[in-house]
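Visitor: here is a sequence with its predicted model. Questions after.
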Amino acid sequence: MIAYYSSLAMVTSAVIYLLAMSAHALEWAAARRPEPALVPVGAGAPAEEPAAPDAGAGRGARFARIGVALTVIAVICHVAGVVLRGVAGQRMPWGNMYEFVTSSLAFAAIFYLILVLRRGWTWLGLPVTLLLAVGQGLAVTVFYVAVAPLVPALHSVWFIIHIVAAAVAGAAFNVGGIAAILYLIKARAEKRGPVTGYLAQLPSAAKLDDFSFRVLRFAFPLWTFTILAGAVWADYAWGRFWGWDPKETWSLVTWVIFAAYLHARVTAGWKGARAAWLAIIGVAVFWFNFIGINLLVTGLHSYAGI
């Protein structure tokens, strides 16, 4: 019964994330309305005034508030689903791909809400809720597996440390990747001339670039710790620290890409489009490592259960 309520909470969160994404899409659409035309004051007077007040900004703000409110409700359902999953299995809810996806997305959602509450960054709403709606939707439809006991190799405190670090790092990688994508969009718009519509409400391209760098700089040591904790766990479970298992190999590839990204920014002064594309490649490799390797390759980390 507890497992049923966990699944119900997860499905509910996916639906509400979709509604939140729709609200933020309407926010963007409202901001795309053109400015009101100017009309003369009087019959032949040259002075001009707005024909009508622009209601687009007001509508956009209302849709933004609706989107954030829906996201808060979705996150409550989401976290409840994760907790109930652990209660149902009488273990930490990180034993398969479904559980890792839902946990990592929960961290990403909480991180986003913290940014909204502390800095008012509702401009992240559409891309983040898109990620959450798609990710949670795939989790409850494609990745879902019934609650089951952990395989013997996962009975270790280092497994818990390893997975928590990976989930938090993954959440940060995704937020940093979203900021890198928004940077590319905003930078292209700025090169074309004055930025209008919703893009005008985004931070400047330079600030987006800096935000992406800060988030990825936070994620990188966590990912480093993830690999190190995984090595300790591997020695406990299989008697060796490193065995070039496909998941281990691609985790190292992900680490190398983000190490190159940070090194290029700090020492070579890489900023802008080159750094953004390298960050996006790193996030893409992270997801390939998680989904592609789990589904396409058999190895010691094949816990998807699908």
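Guide: Perfect, thanks for sending it.
Visitor: C-alpha only now, for contacts and for neighbours.
Guide: OK.
Visitor: tell me the domain boundaries of the chain?
Guide: When the chain is parsed with automatic domain parsing, its domains come out as 1-33+55-105+119-150, 151-306.
Visitor: which is the next helix or strand following the lowest-mean-pLDDT helix or strand in the chain?
Guide: Counting by mean pLDDT, DSSP states H and E, the chain has its least confident helix or strand at strand 48-50, which shows a mean of 48. Beyond strand 48-50 in the direction of the C-terminus, DSSP states H and E gives the next helix or strand as helix 56-89.
Visitor: okay, helices next: where are they in the protein?
Guide: 2-31, 56-89, 97-119, 125-141, 157-192, 205-238, 246-267, 273-287, 293-296 (DSSP state H).
Visitor: could I get those as TSV with mean pLDDT and mean neighbour count?
Guide: Formatted as TSV, the entries for the helices of the chain read as follows, by pLDDT from 0 to 100; neighbours: other Cα atoms under 10 Å:
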stretch	mean pLDDT	mean neighbour count
helix 2-31	95	22
helix 56-89	92	20
helix 97-119	94	20
helix 125-141	96	21
helix 157-192	92	21
helix 205-238	92	19
helix 246-267	92	17
helix 273-287	95	20
helix 293-296	79	16
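Visitor: which one of the ones you listed lies closest to Val151?
Guide: With distances scored as Cα to Cα, the stretch of the helices of the chain nearest to Val151 is helix 205-238 (10.7 Å).
Visitor: starting at the chain centroid, how far to the closest one?
Guide: When distances are taken as Cα atoms, centre = their mean, to the nearest Å, helix 205-238 is centred 15 Å away from the chain's centroid.
Visitor: return the list of helices and strands in contact with it.
Guide: Helices and strands touching helix 205-238, as assessed by 3 or more Cα pairs under 8 Å, 6 or more residues apart in numbering; DSSP states H and E, comprise helix 157-192, helix 246-267.
Visitor: would you mind measuring from Pro246 to Phe173?
Guide: Using Cα to Cα, to the nearest Å, Pro246 is found at 20 Å from Phe173.
Visitor: same list (the domains of the chain) but as JSON lines, adding distance to Tyr112.
Guide: Formatted as JSON lines, the entries for the domains of the chain read as follows, by distance: least, Cα to Cα, whole Å:
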{"stretch": "domain 1-33+55-105+119-150", "distance to Tyr112": "7"}
{"stretch": "domain 151-306", "distance to Tyr112": "8"}
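Visitor: name the residue closest to the centre of this structure, please.
Guide: Central residue of the chain (Cα atoms, centre = their mean): Asn174, 3.9 Å from the mean position.
Visitor: list the contacts of that one.
Guide: With contact set as Cα atoms under 8 Å, 6 or more residues apart in numbering, Asn174 has these partners: Ala108, Val283.
Visitor: quick one: it and Gly269, what's the gap?
Guide: According to Cα to Cα, Asn174 stands 23 Å off from Gly269.
Visitor: one more: Ala275?
Guide: As defined by Cα to Cα, Ala275 lies at a distance of 9 Å from Gly269.
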